[in-house]
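Visitor: return atomic coordinates for the entry below.
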Amino acid sequence: MHLIDDNGRPVALGRELGHGGEGAVYEVVGRPDRVAKIYTKAMAPDLADKLAAMAKMASDRLLRIAALPTNVLRHPSGSLAGFVMPKVAGHEPVFKVYNPKLRLKEFPTADWRFLIHVASNTARAFATVHAASLVVGDVNHGNLVVSQDATVRMIDCDSFQVTRQGKTWFCEVGVETHQPPEMQNRDSYRGIQRSANNDNFGLAVIIFQLLCVGRHPFSGIYLRKGDSPSIGAAS
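Guide: Predicted structure coming up:
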């Protein structure tokens, strides 16, 4: 696969590290600190502009806590191929921290102080993102990862809501368990303006789960007749 970055330089890919619904992640030859996400499905027409804007916003402070795009990758034809981002290694999804059984396996030395440390680092990470005019949008238990020293980083950042130079690119996805009431019961998030306060609802849910053995704050015992509502409906 022949790819070039936005500076016209060729970029060679190494072995595949993983894949998901949108694409696959590869090593970048000669850059052990970077990986490339290559899309395998059709993406929004203006995604390349969004990724380029994020790359320009990717300060050192942001890159320490979020795997933001640092360069856009294109096919020789000029069409979007994907992007380069920091490599995040040695981290596990946050649900492996707040789930007691998984925590015992993946973080065997973790104690109450460790959980408090993870919670505070998570709040700092969100504050750093918001200070840069970014909104996570799709807050969930899979795109926040934690290391053995309680360092927290965000992944799947290409879905963030981005505002730069008066233009906004929206986040069009969301997991209902971490969305606030005003974002529930929607057929689509397309064109929906989100705010830091929307994110803070999901942040509060994750902190609650970290400190309350993985329990969701809206997963109580249903006392009325009939089937209990989903967590999203209860929110």
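Visitor: mind saving the C-alpha coords of stretch 173-186 as PDB?
Guide: The C-alpha trace of stretch 173-186 is given here as PDB (Å, rounded to 0.1, in the frame of the first residue of the first chain):
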ATOM      1  CA  VAL A 173     -21.800   8.300  17.600                       C
ATOM      2  CA  GLY A 174     -22.600   7.600  21.200                       C
ATOM      3  CA  VAL A 175     -23.100   4.800  23.800                       C
ATOM      4  CA  GLU A 176     -26.300   5.400  25.700                       C
ATOM      5  CA  THR A 177     -25.000   4.200  29.100                       C
ATOM      6  CA  HIS A 178     -22.700   7.300  29.200                       C
ATOM      7  CA  GLN A 179     -24.900   9.900  27.400                       C
ATOM      8  CA  PRO A 180     -26.800  12.500  29.400                       C
ATOM      9  CA  PRO A 181     -30.600  12.600  29.400                       C
ATOM     10  CA  GLU A 182     -30.700  15.200  26.600                       C
ATOM     11  CA  MET A 183     -28.800  12.900  24.300                       C
ATOM     12  CA  GLN A 184     -31.100   9.800  24.900                       C
ATOM     13  CA  ASN A 185     -33.700   8.500  22.500                       C
ATOM     14  CA  ARG A 186     -32.100   9.800  19.400                       C
END
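Visitor: give me the buried positions along that stretch.
Guide: 174, 177-180, 183 (16 or more other CB atoms under 10 Å). Just so you know, the C-beta spots here come from the backbone N, C-alpha and C atoms, and that holds for glycine as well.
Visitor: kindly report the same for stretch 209-224.
Guide: By 16+ other CB under 10 Å, the buried positions in stretch 209-224 come out as 209-210, 214, 216, 218.
Visitor: CSV for those, including secondary structure and pLDDT?
Guide: Rendered in CSV, the data for the buried residues of stretch 209-224 read as follows (DSSP: H, G, I helix; E, B strand; the rest coil; pLDDT from 0 to 100):
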residue, secondary structure, pLDDT
209, helix, 97
210, helix, 98
214, coil, 95
216, coil, 93
218, coil, 85
